[in-house]
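Engineer: fold the following and give me the result.
(2 chains)
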Protein chains: 2
Amino acid sequence: MHTNLKRTLANECMKKVGETVKVQGWVKKVRHLGNISFLVIRERTGELQCVLEGELAGVIIETESVIEAIGEVVSTNKTGLGIELLLKSVKVINKNSLLPFEVNKKEVNTGLENLLNHRVLSLRHEKIASIFKIKSTLEEAFREYLTNMGFIRIFTPKIVSQGAEGGANVFKLNYFGKEAFLAQSPQFYKQMMVASGLERVFEMGPVFRAEEHNSSRHLNEYISLDLEMAFIEDYEELMVLETEVIKFMFEKVKEKNENELKLLKIEVPTITDIPKLTLYEARELLKKCYKKEMPEGDLNTEGEKLIANYIKETTGSEFVFITEYPKENRPMYTMPAENGLTKSFDLLFKGLEITSGGERIHEYEMLVASFREQGLNEENFQNYLNTFKYGVPPHGGFAIGLERLTAKLLGLTNVREASAFPRDINRLTP
Amino acid sequence: MHTNLKRTLANECMKKVGETVKVQGWVKKVRHLGNISFLVIRERTGELQCVLEGELAGVIIETESVIEAIGEVVSTNKTGLGIELLLKSVKVINKNSLLPFEVNKKEVNTGLENLLNHRVLSLRHEKIASIFKIKSTLEEAFREYLTNMGFIRIFTPKIVSQGAEGGANVFKLNYFGKEAFLAQSPQFYKQMMVASGLERVFEMGPVFRAEEHNSSRHLNEYISLDLEMAFIEDYEELMVLETEVIKFMFEKVKEKNENELKLLKIEVPTITDIPKLTLYEARELLKKCYKKEMPEGDLNTEGEKLIANYIKETTGSEFVFITEYPKENRPMYTMPAENGLTKSFDLLFKGLEITSGGERIHEYEMLVASFREQGLNEENFQNYLNTFKYGVPPHGGFAIGLERLTAKLLGLTNVREASAFPRDINRLTP
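Structural biologist: Sure, this is the predicted structure:
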């Protein structure tokens, strides 16, 4: 009976009162009340209450099993949707075994490690699934904004003959007998694509850092939202662009993920203008107001948090740009400014660095000198350096860590929560 | 003078006749004709002819240098755009050195290896840049279509504890003292995300194959456009979906890359319905019409080409689905059909396989049996296999090789031409 029915989605049932529909999904809850039972089906568009009467009321189904149910859509004032399904038949498509933890409570009551060990199950909790729906929107909005601004999406290799910044923290691999590395960033390649005449390029892809950190802020593999653009007049332009990009990304989340935001009780900050402090100003402020000494040429985690609080209190902004880092603390391709400083910036969001960026050196001689100054052997970087012999325009760019941005936006305390299958020093599975 | 002028793009100059503008770009050509010189600037929106008179006529600039020029836009009937720039000043921003080959001819007259060794330069040729603009559109359209169909963009790890299909052809790496691999495909993870309740997921990301092939069809790192969906009734649905996806991708290219297609002299095929042949039918046809014997349970390269020609001649289609491969020749997660066959398909485009797909096994016991049958140790796949204990719906999916699709669409003879920085058995740079 009804075998030719097509699947109706939960969010389409409201329009089908009085009709017989077929629905498919996971069993979230079953309640037996004598001659009547209630069953809640969960699928990608929402949840649906089903009523089982008579013989059907006795049916026993494990929660989290996959079922197919056929029934009549009837009006009710007992559910949020204003409808429920009066079942005519129910069929188990795939049975669930015993669960390692309960996924159908209001909150997932298990530790992060257990949650990550059983990602397939924890993602069934709508709050956890919401994180990844919002992450998807953020990345899509990054792309949409840049495409509208004349940027081209590029694909750069992840197996490379040199780690992007040279030196430590790279994963090594054997590439048909040659030593190779996993790309720490698409930095060199995005600059090369700018120099090739594409001028404005972006990439959203995995980057790999063999850092032995084990903190709530670090992942050994994460998604970097990278862009690079030619013919900038000043690195200020990059900060203006980043402000606009993030503004657009947040607006898209508000627009597309209203339900998820409500569920997570998150208010997306409205961005107008992002305050800027030079690193010098930030350090002076920490000394003066908080009696804190920072490590040479940088801020530490505590300093970043204090600055963020200060800016939030004095301006209302959740974001702050820190600019003009000293040469010694920036990569060798960074454009120098006066007094040993550079045309560079970091962006902090709720006290966490989510972006590094800046203008890059575009002249061959200056670049080679900078490599030497940092003690790097230019022979190892010939492919990159040769680019600069062939007419490279002034340019710059930045990269946003997608998991960090997602985590901070959603108030997650650990960046791993924003990665479906995180990789850290102890975790290589699932 | 004019230092406050903002950059005007080449394609904006038509609207500025009579005005003084500042343009920036690369010098494509310089011609000296006594008291007058002509210089063509190339940038991301097009090319612009500039006229240099009087003192300026004597200026010497290497082609491919980056310049900034200020001049008046004047009407002319001597250029395609109907305008040219009467220069008032020209400044070299970054000088070019001697080029290893000439990039400003109508065709790039150098071999593929030289072209790949000097990607930054070869990409300056507008025909070569066009390939990557079209590739970007194809990927964007894939995403757009699926987002509209309720799919969620996922991010799965590239460092994994098991190669997707198990066995050979994986790159190994040392992950903090543990053995790890680069993902050959996101197969296991996309299935896990389907099972998590997201139901419909896609990913565009790098995949890694340590295959020792050295052919015009293989890359050791390429971009895979992957999708997976739950609650399919039949694997036919996947072929319908793929037909619609590719149709949409091609329409987007026609819409967004009109100029590039014209330049490359490419006509994008119009897709209506894609013919299907079972593998058995294809093999019989090759025997009967071409007297060709194929290897057991498959087609070889020659067979694929002959079938493609046959289908093109008899139906006009550039595409053909080959279905029902035998169990032995498909991965262990493939849903079996009757008589030792499977619910699987390949898609050929102009005689080249660009997709593999099919329905997957969704029941735990059946899947474990299938792993054993193929001689695999299920203990190595516990994380994946455990998923199937917790209620997995019927599902399936497919993956499109982006470089292969791009190459075939644009008539490129080698798939490396569709990769900016290809990785092959001999190539790890640039």
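Engineer: what about dumping the CA coordinates of the helix or strand hosting residue A:143 to PDB?
Structural biologist: Residue A:143 is part of helix A:126-148 when elements are defined by DSSP states H and E. Taking Å, rounded to 0.1, in the frame of the first residue of the first chain, the C-alpha atoms of helix A:126-148 are listed here in PDB:
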ATOM      1  CA  GLU A 126      20.600  19.600  16.600                       C
ATOM      2  CA  LYS A 127      22.800  22.000  18.500                       C
ATOM      3  CA  ILE A 128      25.900  20.300  17.400                       C
ATOM      4  CA  ALA A 129      24.700  20.000  13.800                       C
ATOM      5  CA  SER A 130      24.000  23.700  13.900                       C
ATOM      6  CA  ILE A 131      27.700  24.500  14.300                       C
ATOM      7  CA  PHE A 132      28.400  22.900  11.000                       C
ATOM      8  CA  LYS A 133      25.500  24.400   9.200                       C
ATOM      9  CA  ILE A 134      26.800  27.900  10.300                       C
ATOM     10  CA  LYS A 135      30.400  27.000   9.400                       C
ATOM     11  CA  SER A 136      29.200  26.100   5.900                       C
ATOM     12  CA  THR A 137      27.400  29.400   5.500                       C
ATOM     13  CA  LEU A 138      30.500  31.400   6.700                       C
ATOM     14  CA  GLU A 139      32.700  29.700   4.100                       C
ATOM     15  CA  GLU A 140      30.100  30.200   1.400                       C
ATOM     16  CA  ALA A 141      29.600  33.900   2.200                       C
ATOM     17  CA  PHE A 142      33.400  34.400   2.000                       C
ATOM     18  CA  ARG A 143      33.400  33.000  -1.500                       C
ATOM     19  CA  GLU A 144      30.300  34.900  -2.500                       C
ATOM     20  CA  TYR A 145      31.600  38.300  -1.400                       C
ATOM     21  CA  LEU A 146      35.000  37.800  -3.100                       C
ATOM     22  CA  THR A 147      33.500  36.500  -6.300                       C
ATOM     23  CA  ASN A 148      31.400  39.700  -6.500                       C
END
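Engineer: contacts for the helix or strand following it?
Structural biologist: Sequence order places strand A:152-153 as the next helix or strand after helix A:126-148, per DSSP H and E. Residues outside strand A:152-153 that contact it (Cβ atoms under 8 Å, 6 or more residues apart in numbering or on different chains) are A:143, A:146-147, A:193, A:198, A:200-204, B:132-133, B:136, B:139-140. From N, CA and C alone the C-beta is placed, and that goes for glycine too.
Engineer: redo that, cut-off 6 Å
Structural biologist: When contacts are defined by Cβ atoms under 6 Å, 6 or more residues apart in numbering or on different chains, strand A:152-153 is touched by residues A:198, A:201-202, B:136.
Engineer: and if you look at stretch A:256-273?
Structural biologist: For stretch A:256-273, using Cβ under 6 Å, 6+ apart, the contacting residues are A:127, A:130, A:133-134, A:137, A:247, A:250, A:253-254, A:318, A:410.
Engineer: name the SS class of residue A:367, please.
Structural biologist: helix (DSSP: H, G, I helix; E, B strand; the rest coil).
Engineer: report how many residues lie close to it.
Structural biologist: Residue A:367 has 22 neighbouring residues, counting by other Cβ atoms under 10 Å in any protein chain shown.
Engineer: ok, it to residue B:103 distance?
Structural biologist: Separation of residue A:367 from residue B:103 (Cβ to Cβ, to the nearest Å): 22 Å.
Engineer: tell me the contacts of the residue in the stretch 1-150 of chain A that chain B sits nearest to?
Structural biologist: Ranked by Cβ to the nearest Cβ, the top residue of the stretch 1-150 of chain A for proximity to chain B is residue A:123, at 3.4 Å. Listed by Cβ under 6 Å, 6+ apart, the contact set of residue A:123 reads A:129, B:196.
Engineer: how about the helices in the stretch 201-350 of chain A?
Structural biologist: A:236-256, A:258-264, A:279-290, A:301-315 (DSSP state H, counting those that start in this stretch).
Engineer: redo these as a markdown table? Include distance to residue B:115, mean neighbour count and mean pLDDT.
Structural biologist: What follows is these, written out as a markdown table (distance: least, Cβ to Cβ, whole Å; neighbours: other Cβ atoms under 10 Å in any protein chain shown; pLDDT from 0 to 100):
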| stretch | distance to residue B:115 | mean neighbour count | mean pLDDT |
| --- | --- | --- | --- |
| helix A:236-256 | 32 | 18 | 98 |
| helix A:258-264 | 46 | 14 | 97 |
| helix A:279-290 | 43 | 16 | 97 |
| helix A:301-315 | 46 | 17 | 96 |
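Engineer: next, format the ones you listed as CSV and append distance to residue A:76.
Structural biologist: Shown next, in CSV, are these (distance: least, Cβ to Cβ, whole Å):
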stretch, distance to residue A:76
helix A:236-256, 29
helix A:258-264, 21
helix A:279-290, 58
helix A:301-315, 46
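Engineer: out of these, nearest to residue A:353?
Structural biologist: Nearest to residue A:353 among the helices of the stretch 201-350 of chain A is helix A:301-315; the distance by Cβ to Cβ comes to 6.6 Å.
Engineer: which pLDDT value goes with the nearest residue to residue A:200 once chain neighbours are set aside?
Structural biologist: Leaving aside its sequence neighbours, residue A:200 sits nearest to residue A:151 (Cβ to Cβ, 6 or more residues apart in numbering or on different chains; 4.2 Å). pLDDT recorded at residue A:151 is 97.
Engineer: between the two ends of stretch A:108-118, how far is it?
Structural biologist: Across stretch A:108-118, the terminal residues are separated by 12 Å (Cα to Cα, to the nearest Å).
Engineer: is chain B contacted by that stretch?
Structural biologist: No - counting by Cβ under 6 Å from any Cβ of the partner chain, no contacts exist between stretch A:108-118 and chain B, the nearest distance being 8.2 Å.
Engineer: thinking again about what came up before, among the contacts of stretch A:256-273, which pair sits farthest apart?
Structural biologist: The widest separation within the contacts of stretch A:256-273 (Cβ to Cβ) is 25.9 Å, between A:127 and A:247.
Engineer: what does the stretch 51-200 of chain A put close to chain B?
Structural biologist: A:64-66, A:94, A:96-97, A:120-121, A:123-124, A:136, A:152-153, A:155, A:157-159, A:161, A:171, A:173, A:175-176, A:178, A:180, A:192, A:195-197, A:199.
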